[in-house]
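**Q** sequence first, predicted coordinates after that:
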Amino acid sequence: MSTTTKDLTKPETATPRRGCANLDARIAAIEPIQARVGGRNQLLVRVETEDGLVGWGESGLSSREVAVSEVVKNFEGFLRGKDSRQIGRIWQEAYRSQYFEGGRIITAAMSAIDIALYDLLGKRLGVPVYQLLGGKQRDMVPTFASFMADEIEQSLADTRTLIDAGWDCVRIYPSGFENTIFNPRASLQRTAETLIRLRETFGHSICIGIDLHHRYTPAEIASLSNMLPRGTLDFLEEPIRSESPEAYEMLRTMTDIPFAIGEEFSSKWQAAPFIEKGLTQYMRFDISNIGGFTEAMKVAGWCERHYIDLMPHNPLGPVCTAASVHMSAAVANFSWLETRQSPVENLGFHNRDIFPVQAEMDGPCYIVSDAPGLGIEINEAALRASDVGHVECPHLSRPDGSVTNW
């Protein structure tokens, strides 16, 4: 048997490693694009690589698009030239390279970039994004639909329309939701009457929730709970603001109605106390605010450990919707995805002149696209030609003139 002695005096030739940066996959440009679609501005982020491949993301911080756009431009300065496939590393660099890290404006920008990078990677590999997340757990993504609760008879009619179209979960907005002068007591009384009628009429074959849009105090929420027969509501969404987990701990002792919280969260750290202390029974994070796929999947896994289902926030345009559908298809712990496209509500956010190919619905469910990336197509000329003007969220006051939450 012959043996070969290695000559340690000669330098070794480096062997190329799989996964090293490919010049064609390097980020060439990151561009924020604001567009008015329906009655709301959408902030899309376009990421292009050296080989001309394009991925799309969307920011979820409505009415603060200018601020988020500037952060995106700032990020481009140090992300240009990076390997677009190193998504997790890019996320960490964008987050940890800021001394004053985090905050909703920064993570809204990061979310849009992260979503675009997943879209790019899926297109590069020729696979849908859900495959990058571990594959499909479900073939269709069920949704809940929403309507205003100002008129009881209209609420009953809207619910019947949705049930007939296949929906098994509806969410109402409280009475007086669109008024600029918000009277919480009048709103709660009228809303309670509507909820009671809905449950009496349709029984327990349908899930009924309400989005309180953090307009009330813990005492007012307790009052609403006391107005309702036990079992009337299946979930209370965002009853108060999320800055204080301690306030939610107090509120949790006042009612046993399940909470749906999380659309304001911009990181896993914000979500942590609500998950660990059982302060939410449905996780409502928004993939366009929480940090994109990278952060959303971490929070989803954390929720699964605590048997908390996802009910993702999805009030934006087709890019956010497509990303939410892929994420919802890939997780085990999931109940419903929010939709703003139903027989009783269509706000025009999914304009087909701008978004000719987008996530499609089959009755109350989104179809999970098998096309590469997010599975959407954007008419850039129409997007760039759309009117852009600042859309400010409504500024509300109570009857005494004091400012309150929108």
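**A** Here it is on my side, so go on. The structure presented is a predicted model; accordingly, all values stated were derived computationally and were not measured.

**Q** pLDDT value on the spatially closest residue to L61 that is not a sequence neighbour, please?
**A** Among residues not flanking L61 along the chain, A108 sits closest, at 3.9 Å (Cβ to Cβ, 6 or more residues apart in numbering). No exception for glycine: its C-beta is placed from N, CA and C like everyone else's. At A108, the model reports a pLDDT of 97.

**Q** which residues sit in contact with A108?
**A** S59, G60, L61, R64, V68, V71, S266, S288, N289 (Cβ atoms under 8 Å, 6 or more residues apart in numbering).

**Q** which helices and strands does the helix or strand hosting the last one pack with?
**A** Think N289. Taking DSSP states H and E as the criterion, N289 maps to helix 287-290. Under the contact definition 3 or more Cβ pairs under 8 Å, 6 or more residues apart in numbering; DSSP states H and E, helix 287-290 sits against strand 54-59, helix 104-125, helix 292-305, helix 318-330.

**Q** quick one: which of these is nearest S386?
**A** helix 318-330 (13.5 Å; Cβ to Cβ).

**Q** following the closest one in sequence, what is the next regular element?
**A** Helix 318-330 is succeeded, C-terminally, by strand 337-338 (DSSP H and E).

**Q** so what strands line up beside the following helix or strand past that next one?
**A** Per DSSP H and E, the first helix or strand lying C-terminal to strand 337-338 is strand 341-342. Applying DSSP bridges, strand 341-342 is found paired with strand 345-346 (antiparallel).

**Q** and the strand it pairs with, what's its mean pLDDT?
**A** Across strand 345-346, the average pLDDT comes to 87.

**Q** pull the residues that contact that strand.
**A** A145, S146, F147, R340.

**Q** can you verify P32 is assigned to a helix?
**A** No. Counting by DSSP: H, G, I helix; E, B strand; the rest coil, P32 is located in no helix; its state is strand.

**Q** of all the contacts of A108, which comes closest to D370?
**A** The nearest member of those to D370, counting by Cβ to Cβ, is S288 at 22.7 Å.

**Q** with adjacent residues omitted, what lies nearest to the closest one?
**A** Distances taken as Cβ to Cβ, 6+ apart place G60 nearest to S288, at 3.2 Å, with adjacent residues excluded.

**Q** and the helix holding N289, how far from the chain's centre?
**A** Its chain's C-alpha centre and that of helix 287-290 lie 5 Å apart, by Cα atoms, centre = their mean, to the nearest Å.

**Q** list the contacts of that helix.
**A** 57-61, 104, 107-108, 111-112, 115, 262-268, 271, 293, 296, 299, 312-313, 316, 320, 323-324, 327.

**Q** in the stretch 101-250 of the chain, which spans are helices?
**A** 104-125, 129-132, 152-164, 184-202, 218-227, 245-252 (DSSP state H, counting those that start in this stretch).

**Q** tell me the most buried of these?
**A** Stretch with highest mean neighbour count among the helices of the stretch 101-250 of the chain: helix 104-125 (a mean of 26; mean count of other Cβ atoms under 10 Å).

**Q** what separates that one from the chain centre, distance-wise?
**A** The answer for helix 104-125 is 13 Å, by Cα atoms, centre = their mean.

**Q** going forward, the N-terminal residue is numbered 42.
**A** Shifting the count to begin at 42 puts that one at helix 145-166.

**Q** dump the contacts of A149 to TSV, plus distance to P397, neighbour count and pLDDT.
**A** Below are the contacts of A149 laid out as TSV (distance: Cβ to Cβ, whole Å; neighbours: other Cβ atoms under 10 Å; pLDDT from 0 to 100):
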residue	distance to P397	neighbour count	pLDDT
S100	22	34	97
G101	23	26	91
L102	26	21	87
R105	28	18	90
V109	25	26	96
V112	29	23	96
S307	32	24	95
S329	21	34	98
N330	26	28	97
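
**Q** and which of those is nearest D199?
**A** The closest of these to D199 turns out to be G101 (Cβ to Cβ; 26.0 Å).

**Q** who's in contact with the closest one?
**A** A149, S152, D327, I328, S329, N330, H354, L357, C361.

**Q** follow-up on the earlier one: columns distance to K318 on top of the contacts of A149, output as TSV?
**A** Shown next, in TSV, are the contacts of A149 (distance: Cβ to Cβ, whole Å):
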residue	distance to K318
S100	29
G101	25
L102	26
R105	29
V109	30
V112	31
S307	19
S329	26
N330	22
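
**Q** now E386: how far from A341?
**A** Distance of E386 to A341, computed by Cβ to Cβ, to the nearest Å: 26 Å.

**Q** D209 too?
**A** Distance, D209 to A341, by Cβ to Cβ: 22 Å.

**Q** neighbour count winner among these two?
**A** Ranked by neighbour count (other Cβ atoms under 10 Å), D209 and A341 place A341 first, with 25 against 14.

**Q** tell me the confidence at the closest residue to the more buried one other than its chain neighbours?
**A** Excluding its sequence neighbours, the residue lying closest to A341 (Cβ to Cβ, 6+ apart) is V372, at 4.6 Å. You'll see V372 listed with a pLDDT of 99.

**Q** re the thing from before, tell me the phi and psi of the residue nearest to S329?
**A** The phi/psi pair for G101 (degrees, to the nearest 10) reads phi -100, psi 10.

**Q** go on, C406?
**A** Taking degrees, to the nearest 10 as the convention, C406 sits at phi -120, psi 150.

**Q** was I right to think it contacts V182?
**A** Yes. At 5.9 Å, C406 counts as touching V182 under the criterion of Cβ atoms under 8 Å.

**Q** and those two? Which one has more around it.
**A** Higher neighbour count among C406 and V182: V182, with 25 against 20, using other Cβ under 10 Å.

**Q** gap between the more buried one and M402?
**A** 9 Å.

**Q** give me the low-pLDDT residue ranges for this structure?
**A** Under the criterion pLDDT under 70, the flagged ranges of the chain are 42-64.

**Q** show me what R67 is bridged to.
**A** Using DSSP bridges, the bridge partners assigned to R67 are D124.

**Q** and the residue most central in space within the chain, what is it in contact with?
**A** Per Cα atoms, centre = their mean, the C-alpha nearest to the average position across the chain is that of D327, at 2.2 Å. Counting by Cβ under 8 Å, 6+ apart, D327 touches G101, G303, E304, F306, P353, H354, N355, C361.
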